[in-house]
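Undergrad: need coordinates for the below:
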Amino acid sequence: MMHRHSSGAGGRGCLHNCKRVVCRRPVFGGLCFTICPRASASDSAEVRVNRIVPIPDGPVQQAQQAAQAIETAWRDGVRRQRLELLLPLIGATDLDDWPGGIRQQFKAAQPMVESVLRTVKQIKGLQGPLAANIWDQGDAVGAWTGKNLACVLFPTAGTLDKLNRLCNGPDAPELVLIVNPQWETRGNLVSDFGFGQRKADSERFIASFQPTYCLKQLRVYGDSIRTLKAHPNRWQVHVVNRGGASDCIATRDDQPSYQEIEGLLRDRPDSMMNKSIFDRIKIEFAFNQDSLKQQP
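TA: So this is what the prediction gives:
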């Protein structure tokens, strides 16, 4: 596993007989990383929240990881949780962008969400039947609601008022989950939530949902990257090779930005950005060929 040591003055030493990773230059705000043995039950809280969680090998394992993270967060008192699930490809490949749109994504997400809920609603305090409803047919916003537990899949800015009433009404469930929200909070000149006080209130409300399980994929200069957050552990950055094996190259407290991931890869001699343009074209061609071979 990994935990972080300050490279600046005043940084404290490791108490776990760790092997120090030598960084050619500081990353993530002047911090280097240390590889540590697996934590035991007697280890400190800092160590226990920095275990390396493996990248799931498919939707089943991902749903299991998500349910475990939800339960751990629930026991830690987190009553509003946000999940980001990496959806299995259905009628799509890595080269396209869900040709069937959000409804196609809903078909991929629904079985995973229902698998998670079947596990979560067995937890003491969250038991009870769930009623399934469609909040918005056009945007494929689905909801599963019960006395103690509720989950909203693909919530949008247009359904935010309904979500707010669910969370703050007199019959608000003990735990509310949102999965793969469709609003954008950064980078837009015009916010999804309008302007002024309404925007401030909306952003404050959605910020009350703590990320407890998030798995995302991206390609950075041809490298296949996964970022993973599974409560209570830190965010992890994994590099995945063509064979599917992954290597956790860093952990941190906050979600890593694209620029921070670039910095990590720049320090790896075998990363794509450090290869020649001809090698990168060759590897990208192989990736495209593999993607086209995937079954829809």
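
Undergrad: and this protein, what are its domains?
TA: According to automatic domain parsing, the chain is divided into the following domains: 1-51, 54-210+262-292.

Undergrad: for this structure, what are the low-confidence residue spans?
TA: For the chain, the stretches with pLDDT under 70 are 1-49, 91-100, 185-191, 276-296.

Undergrad: would you map the helices across it?
TA: Along the chain, the segments classed as helices by DSSP state H run 45-48, 59-75, 101-120, 160-168, 196-207, 258-266, 277-292.

Undergrad: for those, which one sits closest to Ile90?
TA: Closest approach to Ile90 among those (Cβ to Cβ): helix 101-120, 4.6 Å. All C-beta spots, glycine's among them, are computed from the backbone N, C-alpha and C.

Undergrad: can you name every helix or strand that the closest one contacts?
TA: Counting contacts by 3 or more Cβ pairs under 8 Å, 6 or more residues apart in numbering; DSSP states H and E, helix 101-120 packs against helix 59-75, strand 141-145, strand 149-153, strand 175-179.

Undergrad: how does it look with 10 Å?
TA: helix 59-75, strand 80-84, strand 131-136, strand 141-145, strand 149-153, strand 175-179 (3 or more Cβ pairs under 10 Å, 6 or more residues apart in numbering; DSSP states H and E).

Undergrad: most packed of these?
TA: Among these, ranked by average contacts under mean count of other Cβ atoms under 10 Å, first place goes to strand 149-153 (a mean of 25).

Undergrad: which strands and helices sit next to that one?
TA: Using 3+ Cβ pairs under 10 Å, 6+ apart: strand 149-153 touches helix 59-75, strand 80-84, helix 101-120, strand 131-136, strand 141-145, helix 160-168, strand 175-179.

Undergrad: how about the contacts made by Ile123?
TA: Ala67, Ile70, Glu71, Trp74, Arg75, Asn148, Leu149, Glu174, Leu175 (Cβ atoms under 10 Å, 6 or more residues apart in numbering).

Undergrad: output the longest strand belonging to this protein.
TA: The residue-count maximum for a strand in the chain (DSSP state E) belongs to strand 210-220.

Undergrad: how far does that one sit from its chain's centre?
TA: Here strand 210-220 is found 3 Å from its chain centre; the criterion is Cα atoms, centre = their mean, to the nearest Å.

Undergrad: buried residues, that strand. List them.
TA: Pro211, Thr212, Tyr213, Cys214, Leu215, Val220 (16 or more other Cβ atoms under 10 Å).

Undergrad: so the fifth one makes contact with Gly58?
TA: No - in terms of Cβ atoms under 10 Å, Leu215 does not count as a neighbour of Gly58; the distance is 11.7 Å.

Undergrad: picking up where we left off before, partner strands of the longest strand of the chain and their direction?
TA: strand 80-84 (parallel), strand 223-230 (antiparallel) (DSSP bridges).

Undergrad: quickly list what the spatially most central residue of the chain is bridged to.
TA: Nearest residue to the geometric centre of the chain (Cα atoms, centre = their mean): Cys214, 1.5 Å. With DSSP bridges as the criterion, Cys214 is bridged to Glu84, Lys229.

Undergrad: OK, contacts around it?
TA: Here Cys214 is in contact with 66, 69, 82-86, 180, 227-231, 235, 255 (Cβ under 10 Å, 6+ apart).

Undergrad: closest one to Asp201 out of the residues you listed, please.
TA: Of all the contacts of Cys214, Asp201 sits closest to Arg82, with 17.8 Å by Cβ to Cβ.

Undergrad: from Lys124, how far out is the closest residue to Ala172 other than its chain neighbours?
TA: Counting by Cβ to Cβ, 6 or more residues apart in numbering, Ala172 lies nearest to Leu166, which is 6.7 Å off, once chain neighbours are set aside. Remark: distance between Leu166 and Lys124 (Cβ to Cβ, to the nearest Å) = 22 Å.

Undergrad: that older thread, need the helices and strands packed on helix 101-120 in TSV with distance to Arg266, can you?
TA: Output for the helices and strands packed on helix 101-120, formatted as TSV (distance: least, Cβ to Cβ, whole Å):
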stretch	distance to Arg266
helix 59-75	29
strand 80-84	26
strand 131-136	42
strand 141-145	40
strand 149-153	37
strand 175-179	33
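
Undergrad: of those, which is nearest Val120?
TA: Between these, helix 59-75 lies closest to Val120; by Cβ to Cβ that is 5.4 Å.

Undergrad: you'd agree Ala109 is up against Val141?
TA: No - contact criterion Cβ under 10 Å: Ala109 and Val141 do not qualify, at 11.4 Å.

Undergrad: give me the common contacts of the two.
TA: Counting by Cβ under 10 Å, 6+ apart, the residues touching both Ala109 and Val141 are Ile102, Leu153, Phe154.
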